[in-house]
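Enquirer: here is a sequence together with a model predicted from it:
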Amino acid sequence: MTDDDQKEDLSERLRGRFDDPAGDQEDDVDETDDQETTDATQSEHPSRSMSDMSSKNSMRAKNVKKAWSATSIYLPEFLDRRLTTTYKHADLMFEEDFGRSLQKTRYYYPLLVALGMERIEEMEAQEIQERIEGLEGDADGE
């Protein structure tokens, strides 16, 4: 398998993570936007029902905090501030255009991660290194 084939295979698998194989209808459940993060794993949720498990990869899960895996990330303060500011701007635009809030846990974070992964997949190692150096320079300038 060539590098291009491997990249395409990885892209397909990543895109599939956000597909809704069950075709469930979305219930407008308003998720709370906790600032806390947890290192939840499946072993910490032994009582999950089959419907929770089937919605694990579904963007239409009724309760994302119960159905999806939690991942903690650690950010330097300057990136954490940008993350918050970017969300607030996106939420304001979304609300002005669609009359409802952009749910952070259900839509903003998955979108942020998916777009970031797409961009990283397109990058060469040298470009990744340059971006890391740029982030380190941004942190030093704060």
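Expert: The structure has been received and is ready for your questions.
Enquirer: surely residue 108 meets residue 93?
Expert: No: look at residue 108 against residue 93 with Cβ atoms under 8 Å: they stay out of range, at 11.9 Å. Yep, even glycine has a C-beta here, placed from its N, CA and C like the rest.
Enquirer: neighbour count winner among the two?
Expert: The residue with more neighbours, out of residue 108 and residue 93, is residue 108; 19 against 11, by other Cβ atoms under 10 Å.
Enquirer: quick check: domain ranges of this protein?
Expert: As given by automatic domain parsing, the domain ranges for the chain are 38-72, 75-142.
Enquirer: any weak-confidence spans in this protein?
Expert: Scanning the chain for pLDDT under 70 picks out 1-56, 142.
Enquirer: can you tell me which helix in this protein is longest?
Expert: helix 77-98 (DSSP state H).
Enquirer: coming back round to it: residues shared between the contacts of residue 108 and residue 93?
Expert: By Cβ atoms under 8 Å, 6 or more residues apart in numbering, residue 108 and residue 93 have no common neighbours.
Enquirer: picking that back up, list the buried ones in the helix or strand just after the longest helix of the chain?
Expert: Where DSSP states H and E defines the elements, the next helix or strand beyond helix 77-98 is helix 109-122. The neighbour-count check on helix 109-122 (16 or more other Cβ atoms under 10 Å) flags residue 109 as buried.
Enquirer: likewise for stretch 63-72?
Expert: Buried, per 16+ other Cβ under 10 Å, within stretch 63-72: 64, 67, 68.
Enquirer: pick the one among the residues you listed closest to residue 98.
Expert: Sorting the buried residues of stretch 63-72 by how near they are to residue 98, with Cβ to Cβ, puts residue 64 at the top with 19.2 Å.
Enquirer: phi, psi of that closest one?
Expert: Phi and psi for residue 64, reported as degrees, to the nearest 10, are phi -60, psi -30.
Enquirer: how close does residue 79 get to residue 58?
Expert: According to Cβ to Cβ, to the nearest Å, residue 79 and residue 58 sit 29 Å apart.
Enquirer: same question for residue 117.
Expert: Here residue 117 is placed at a distance of 18 Å from residue 58 (Cβ to Cβ).
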